[in-house]
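> Quick check, what structure comes out for this input:
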Amino acid sequence: MTMGVVRLRKGESLEPHRHAQPETYFTLSGRGTVTIEGVVHGVEPGRLLFIPGNAQHQINNVFEEDLTILYAFAVRDFSTIQYDF
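Numbering: from 1, shown residues only. Prediction:
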């Protein structure tokens, strides 16, 4: 597994992108939205989302509190993931 944490402040977003590997997002703190293939999902602490391989997705934080998400890929090394923006 390869895991990491992304933190977005109010008004920040992770631009729409895709990659071949499936991914999960687990919200650690804050609230925001994750859009997967055009479908918007509200996220809050404890929410887990599965993102299929090659699905376009993005994260947005429009709230005051920082949004912190743990992401995970079922790969050995992060360098094997090619992001397409």
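> going forward, measure contacts between C-alpha atoms and count neighbours the same way
Will do.
> Report how many residues lie close to residue 30.
Look at residue 30: counted by other C-alpha atoms under 10 Å, it has 19 neighbours.
> what's near enough to touch it?
44, 45, 63, 65, 66, 67, 68 (C-alpha atoms under 8 Å, 6 or more residues apart in numbering).
> buried subset of these?
44, 63, 66, 67, 68 (16 or more other C-alpha atoms under 10 Å).
> just checking, the third one touches residue 10?
The reference is to residue 66. Yes - between residue 66 and residue 10 there is a contact under C-alpha atoms under 8 Å: 6.3 Å.
> The residue nearest to residue 71 when sequence neighbours are not counted sits in which helix or strand?
Among residues not flanking residue 71 along the chain, residue 25 sits closest, at 4.6 Å (C-alpha to C-alpha, 6 or more residues apart in numbering). According to DSSP states H and E, residue 25 maps onto strand 23-29.
> Just want the most central residue of this structure.
For the chain, the residue nearest the mean C-alpha position is residue 25 (5.1 Å; C-alpha atoms, centre = their mean).
> For it, list each beta-bridge partner.
Residues in a beta bridge with residue 25, per DSSP bridges, are residue 49, residue 71.
> Give me the residues contacting stretch 67-85.
Here stretch 67-85 makes contact (C-alpha under 8 Å, 6+ apart) with 1-9, 15-32, 61.
> again with stretch 39-54
Stretch 39-54 is contacted from outside by 18-36, 57, using C-alpha under 8 Å, 6+ apart.
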